[in-house]
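*Asks:* This is the structure alone, sequence omitted:
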Ligand SMILES: Nc1ncnc2c1ncn2[C@@H]1O[C@H](COP(=O)(O)OP(=O)(O)OP(=O)(O)O)[C@@H](O)[C@H]1O
């Protein structure tokens, strides 16, 4: 579990994180979202002890990162500005990490396989494409078989195969009961990967909720209805408490009444329907609404 309590981080006169509190629970994927400069990377860096909070704290499994005896076995992280010795091979890089963190060398082969880079393990990391570098970063994050995994923009630079691989990996990590915190700017990706969302803006919490709840709260569902008798249907639906607008002749957008009830109302009124389509906002629309 990750617990962020009243976290504040200032860089000179810039307040990157401004009194942020949230909890990341095990067994589910938590998406960490926010516009550029919202403070996501700073928060993630504070969680893994790379940035010292100005005040407040970030705990991993009840302790600060640096108070863990074997932190890499507790938390694995892929952060945007990772440091890889470019002249080293992927295997040597991982072996060095394993050695300095008391992780059995056998894990290196396992994570190279898992990350799909076993075939290029002997190549210098400096020659890696962006996507292969991401895979190596994720392999490093998984090296200590940690209960907590933090991935900052993991699909950055990956091809469609890689994106699918990361999506499946993240879901499996959560299904194993691990705590998974993932940041991304790709809303369509988050919509299919995350169970829970923590959304920040200007270093503050904007929402701590599920994908479904956020969409329902910020951008309520509606039903699109087409009928040659739209005017009569509009008053019948309004009489039943629906909020109805008519963006063009013969077309209605209905909120506050589910599609089956609209169909029943139309039948009772003897109104012919040409279309009855429930509409749900996308996560992207809800996010734009929230962060606007
Ligand atoms: N080392 C630093 N020194 C000074 N300012 C910094 C430093 N790191 C971050 N900041 C500032 O803190 C704010 C938050 O940055 P941060 O990188 O955490 O945001 P982010 O949500 O990760 O953004 P992005 O989506 O662009 O990666 C920004 O205004 C940034 O310029």
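*Replies:* Right, received. Where do you want to start? Since the model is a prediction, treat every value here as computed from it, not as a measurement. Numbering: from 1, shown residues only.

*Asks:* Show the model's pLDDT score for residue 82.
*Replies:* Per-residue pLDDT puts residue 82 at 58.

*Asks:* Once you drop chain neighbours, what's closest to the residue at minimal distance from the centre of the chain?
*Replies:* In the chain, the centroid-proximal residue (CA atoms, centre = their mean) is residue 31; its distance is 2.3 Å. Closest residue in space to residue 31, ignoring its immediate chain neighbours: residue 194 at 3.2 Å, by CB to CB, 6 or more residues apart in numbering. Backbone N, C-alpha and C define where each C-beta goes, glycine included.

*Asks:* so who does the one you found touch?
*Replies:* 29-31, 182, 211 (CB atoms under 8 Å, 6 or more residues apart in numbering).

*Asks:* picking that back up, I'd guessed the residue nearest to the centre of the chain sits against residue 186; true?
*Replies:* No. Using CB atoms under 8 Å, residue 31 is not in contact with residue 186; the gap is 10.0 Å.

*Asks:* what's the neighbour count on residue 28?
*Replies:* Taking other CB atoms under 10 Å as the criterion, the count of residues near residue 28 is 17.

*Asks:* buried residues in stretch 137-152?
*Replies:* 137-144, 146-152 (16 or more other CB atoms under 10 Å).

*Asks:* and those, which of them are in strands?
*Replies:* 148-152 (DSSP state E).

*Asks:* Need the residues you listed in JSON lines (columns: pLDDT and distance to the ligand).
*Replies:* Below are those laid out as JSON lines (pLDDT from 0 to 100; distance: CB to the nearest ligand atom, whole Å):
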{"residue": "148", "pLDDT": "97", "distance to the ligand": "19"}
{"residue": "149", "pLDDT": "97", "distance to the ligand": "18"}
{"residue": "150", "pLDDT": "97", "distance to the ligand": "12"}
{"residue": "151", "pLDDT": "96", "distance to the ligand": "13"}
{"residue": "152", "pLDDT": "94", "distance to the ligand": "7"}
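
*Asks:* Now compare those residues and name the two farthest from each other.
*Replies:* 148 and 152 (13.8 Å; CB to CB).

*Asks:* For this structure, which segments count as helices?
*Replies:* 40-47, 71-74, 90-100, 106-114, 130-142, 160-175, 187-193, 211-218, 230-239, 259-269, 283-291 (DSSP state H).

*Asks:* Go through the ones you listed and name the closest to residue 201.
*Replies:* The nearest among the helices of the chain, by CB to CB, is helix 283-291 at 5.4 Å.

*Asks:* same for the closest one, what does it pack against?
*Replies:* Counting contacts by 3 or more CB pairs under 8 Å, 6 or more residues apart in numbering; DSSP states H and E, helix 283-291 is packed against helix 187-193, strand 196-201, strand 204-210, helix 211-218.

*Asks:* So what's the model's average confidence on it?
*Replies:* Here the average pLDDT along helix 283-291 is 89.

*Asks:* do the same with stretch 236-255
*Replies:* Rounded mean pLDDT across stretch 236-255 is 96.

*Asks:* Name the surrounding residues that touch that stretch.
*Replies:* Contacts of stretch 236-255 (CB under 8 Å, 6+ apart): 220-228, 230-231, 233-234, 256-257, 261-262, 265-266, 268-269, 271, 274, 279.

*Asks:* residues from the protein in reach of the ligand?
*Replies:* Contact residues, the chain versus the ligand (CB under 6 Å from any ligand atom): 11, 14, 16, 34, 36-42.

*Asks:* So among those residues, which ones count as buried?
*Replies:* So, by 16+ other CB under 10 Å, the buried ones in the residues of the chain next to the ligand are 16, 34, 38-42.

*Asks:* quick check, nearest of those residues to residue 84?
*Replies:* When those are compared against residue 84 (criterion: CB to CB), the nearest one is residue 41, at 17.4 Å.

*Asks:* could you dump the helices and strands packed on helix 283-291 to JSON lines with mean neighbour count and mean pLDDT?
*Replies:* Formatted as JSON lines, these follow (neighbours: other CB atoms under 10 Å; pLDDT from 0 to 100):
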{"stretch": "helix 187-193", "mean neighbour count": "17", "mean pLDDT": "91"}
{"stretch": "strand 196-201", "mean neighbour count": "22", "mean pLDDT": "96"}
{"stretch": "strand 204-210", "mean neighbour count": "17", "mean pLDDT": "96"}
{"stretch": "helix 211-218", "mean neighbour count": "17", "mean pLDDT": "88"}
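
*Asks:* what pairs with the residue nearest to the centre of the chain across the strands?
*Replies:* Residue 31 has these beta-bridge partners by DSSP bridges: residue 182, residue 197.
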